[in-house]
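Peer 1: With the input below, show me the fold.
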Amino acid sequence: MASEVAAAPQLDPPEDEQATAVHKVVVPPAGKDKPEGKTKAKKPRKGPAKEPSAEEAPTVAAHPRAARAVARAKGWAGLVGFLAAGYLSMPTSTLAGAGLRALIAGIACYVAVWGGAVFVWRRLVVLEVKAREQELLEQARRAAEERLASGGTGARDGP
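Peer 2: Residues are numbered from 1 along each chain as shown. Now for the predicted structure:
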């Protein structure tokens, strides 16, 4: 029986630690708990591949004028929605009720204009990219015509 008492777990915390309800939990990094030889290789996804890569696709957030315009539109919409709803609901409600309605209307206007601004600027960014592409193609065509007119053969001037 003496061996049973000695094998019992110690329930008291060590003297240097305070008794608290929170204990540190050490979580191993992801993937370190599995043996190295038994990992599965990832299978490629089935389905259509994405057309442009993330680096090539123009985004509204990456376009400097578009990002500023969307942010400006969101700010003004939230402010105007808040002020208009607050002004229109003051005669019909208490101050707290009018404030709540104004806050909800400001948030609704903010979200609605944000969606609209992103919708419009997506198209504008794509149009700008296409226009720049056409401009570069026209410059390249003119440069090729000038090389041919000056007696060059184009890409190679040698035999």
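
Peer 1: okay, now R132: neighbour count?
Peer 2: Around R132 sit 10 other residues, with neighbours defined as other Cβ atoms under 10 Å. C-beta coordinates here come from the backbone N, C-alpha and C atoms, glycine included.

Peer 1: gap between it and A105?
Peer 2: Here R132 is placed at a distance of 40 Å from A105 (Cβ to Cβ, to the nearest Å).

Peer 1: With P64 instead?
Peer 2: For P64 relative to A105 (Cβ to Cβ), the value is 31 Å.

Peer 1: So if I had to pick from the two, which one is more boxed in?
Peer 2: The neighbour comparison of P64 against A105 (other Cβ under 10 Å) goes to A105, with 20 against 8.

Peer 1: residues touching W114, list them.
Peer 2: By Cβ atoms under 8 Å, 6 or more residues apart in numbering, W114 lies in contact with 70, 73-74, 77.

Peer 1: Helix or strand: which one has it?
Peer 2: helix 95-149 (DSSP states H and E).

Peer 1: Return the helix or strand in this protein with minimum mean pLDDT.
Peer 2: helix 2-7 (a mean of 51; mean pLDDT, DSSP states H and E).

Peer 1: Helix or strand next in line after it, which one?
Peer 2: helix 64-89.

Peer 1: average model confidence for that next one?
Peer 2: Helix 64-89 comes out with an average pLDDT of 95.
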